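Asker: Let me see the structure of the following:
(one chain, ligands or ions: 1)
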Amino acid sequence: MDSDRARGVLLGLACGDALGRPVEFKSASAITAEHGRLDEMVGHGTWNQPAGTVTDDTDQARCIAQSLIERRGFDPVDIADRFVAWYDSEPFDIGRMTAKAINRLKHGDAWDEAGRHVWENSPEGENAGNGSVMRCAPLAIPYANDADRLIETSQQSSEITHADPRCTYGCAVLNLTIAGILNGTASPLRNALDRVDPDAPNELMAALEPLACGETPGSLDTSGLRRPFAANSTPRRALCRECRRSDRDGCEPRRRH
Ligand SMILES: [Mg+2]
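Answerer: Just a heads-up that it's a prediction; the model follows:
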């Protein structure tokens with residue numbers, strides 16, 4: 001593996017987190033109105049922090065990365081313990097589901113109980129946030145050449161706080177994609193989607209298929225966050241069935257097959 005690319009996975013996560021921190025929760029149009037194209041670290045804004053300050057994304061990714069190193073592999077019990085220690089440090093930024101799950105971990109739930117309990121007791125629209133996918137990238141480095149184990153660890157690391165299949169499979173797809181990039185694969189997202197299919201939720205696959213065909217989204221629907229349930233409303237492969245049979249790279253953006 002190219003170690004520069006591996007470092008880039010971690011630095012990219014941290015830099016993207018810090019770049020977006022001052023505009024978190026703002027719409028694209030509001031960000032453009034205030035900053036134009038935001039490509040420099042700026043201070044204040046959301047969370048009122050100095051320029052370059054990272055948030056919970058990087059904090060939790062660091063928990064995972066340090067655990068991988070010190071435990072010499074994936075250890076969800078150890079990662080859960082590190083999440084609790086971080087929670088006790090009173091970070092300025094922590095997601096709602098993450099806080100609920102870690103609070104349950106702190107009071108005795110096992111690593112695979114807390115997130116499931118929070119998920120099962122959250123209504124649709126508030127049960128599938130991005131709190132696990134935003135931190136999962138470090139797993140792609142040690143397991144880049146073991147897709148089965150990468151899928152398993154990505155899903156289990158999500159389940160610590162986010163047990164919805166849209167979250168667990170979202171982590172698996174992202175990390176398979178990163179692994180593909182680390183290994184120089186030509187179509188990493190395409191390969192990742194093919195690898196997890198047919199088990200992944202329809203809603204997740206339908207959202208990602210256009211991206212695998214080269215479409216650049218002007219916007220992405222929010223999933224599992226204040227939106228009516230639509231997990232099975234879109235047929236899988238509805239957007240890309242034709243191009244999957246022909247030249248995948250030739251798929252026309254926004255084409256509906
Ligand atoms: Mg954050």
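
Asker: tally of neighbours for Leu176?
Answerer: 26 (other C-beta atoms under 10 Å). In short, each C-beta sits where N, CA and C put it, glycine included.

Asker: Repeat that for Glu126.
Answerer: 14.

Asker: With the one 3 residues further on instead?
Answerer: Residues near Gly129, counting by other C-beta under 10 Å, number 22.

Asker: Could you pull up phi and psi at the residue in the chain positioned nearest to the ion?
Answerer: Residue of the chain nearest the ion, by C-beta to the ion: Thr55 (3.3 Å). Per-residue torsions, Thr55: phi -120, psi -160 (degrees, to the nearest 10).

Asker: what sits against His35?
Answerer: 23, 42 (C-beta atoms under 8 Å, 6 or more residues apart in numbering).

Asker: Correction: the previous question concerned Glu24.
Answerer: So Glu24 contacts 46-47, 55, 93 (C-beta under 8 Å, 6+ apart).

Asker: Settle this for me: Leu10 is touching Leu139, isn't it.
Answerer: No. Using C-beta atoms under 8 Å, Leu10 makes no contact with Leu139, being 11.4 Å away.

Asker: Comparing those two, which shows the higher neighbour count?
Answerer: Neighbours were counted for Leu10 and for Leu139 using other C-beta under 10 Å; Leu139 has more, 30 against 16.

Asker: secondary structure class for the more buried one?
Answerer: helix (DSSP: H, G, I helix; E, B strand; the rest coil).

Asker: Spit out the contact partners of the residue of the chain closest to the ion.
Answerer: Thr55 neighbours (C-beta under 8 Å, 6+ apart): 17-18, 21, 24, 47, 91-93.

Asker: Let me know the closest of those residues to Cys213.
Answerer: Asp17 (27.8 Å; C-beta to C-beta).

Asker: Doesn't the closest one belong to a helix?
Answerer: Yes. Asp17: assigned to a helix according to three-state DSSP.

Asker: one step back: can you pick the most crowded of the contacts of Thr55?
Answerer: Arg21 (26 neighbours).

Asker: my read: it touches Thr58, true?
Answerer: No. Applying C-beta under 8 Å as the test, Arg21 and Thr58 come out as separate, 9.5 Å apart.

Asker: check contacts around the nearest residue to Leu19 once chain neighbours are set aside.
Answerer: Distance criterion C-beta to C-beta, 6 or more residues apart in numbering; nearest residue to Leu19, sequence neighbours excluded, is Met41 at 6.2 Å. If you count contacts by C-beta under 8 Å, 6+ apart, Met41 has them with 18-19, 51-52.

Asker: Let me have the contacts of Glu24 in CSV, extended by pLDDT.
Answerer: Formatted as CSV, the contacts of Glu24 follow (pLDDT from 0 to 100):
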residue, pLDDT
Thr46, 93
Trp47, 93
Thr55, 97
Asp93, 90
